[in-house]
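In: Generate a structure from the sequence data that follows.
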Amino acid sequence: PPKVEYLEYVFTGWLGDCLIESYPVFLITQSAAAELTKNLLNGFRIREAQITMSPSILDLYPESDVPEFRWLEINGTAFKNDFGLKGNMLIVSRKSLEVLKAHGLKHCDIVGYKKKVKS
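Out: As a prediction, the model looks like this:
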């Protein structure tokens, strides 16, 4: 994937989830980011991003119901850390998934993986 050094994201719509994928980056709500950090989860770094709202989203959400978002930079290894990438797919630990679901995660595809046991 391309290397991103600075992130500017313009909201044109939002379905209410705490996690947003916009290839090749992820955004996360400030509250979910704080909970991930509080639980000592690893494989990510929370970074600042320039977030702006398009005029169309301001019409849809006039009361500024869209929460603050941060850049969720993934730097872990899939299946080893709590967050990692396998190709373009975000791989998270069970604990990480619990935290994300608790903060609202209804509009994404979740696929379970089983660890392969060496014989």
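In: Tell me which helix or strand comes right after the helix or strand bottoming out on mean pLDDT in the chain.
Out: When each helix and strand of the chain is scored by mean pLDDT, DSSP states H and E, helix 55-60 comes last, with a mean of 80. Next helix or strand after helix 55-60 toward the C-terminus (DSSP states H and E): strand 69-74.
In: So what are the sheet partners of that following strand and their directions?
Out: strand 25-29 (antiparallel), strand 44-47 (antiparallel) (DSSP bridges).
In: circling back to that earlier point, would you mark the buried spots in the least confident helix or strand of the chain?
Out: Neighbour-count burial for helix 55-60 flags Ile57 (criterion: 16 or more other Cβ atoms under 10 Å). No exception for glycine: its C-beta is placed from N, CA and C like everyone else's.
In: Stretch 13-31 now?
Out: 14, 17-20, 25-29.
In: Quick one: the strands paired with strand 69-74 as a markdown table, columns for distance to Ser56 and mean pLDDT too.
Out: Below are those laid out as a markdown table (distance: least, Cβ to Cβ, whole Å; pLDDT from 0 to 100):
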| stretch | distance to Ser56 | mean pLDDT |
| --- | --- | --- |
| strand 25-29 | 18 | 97 |
| strand 44-47 | 26 | 98 |
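In: List just the one of these that sits closest to Leu58.
Out: Comparison of the strands paired with strand 69-74 against Leu58 by Cβ to Cβ identifies strand 25-29 as nearest, at 18.0 Å.
In: Contacts for that closest one, please.
Out: 4, 7, 9, 18-20, 36, 46, 49, 51, 67-74, 90, 103-104 (Cβ atoms under 8 Å, 6 or more residues apart in numbering).
In: quick one: it to chain centroid distance?
Out: 4 Å (Cα atoms, centre = their mean, to the nearest Å).
In: which residues of the protein score low on pLDDT?
Out: 62-64, 114-119 (pLDDT under 70).
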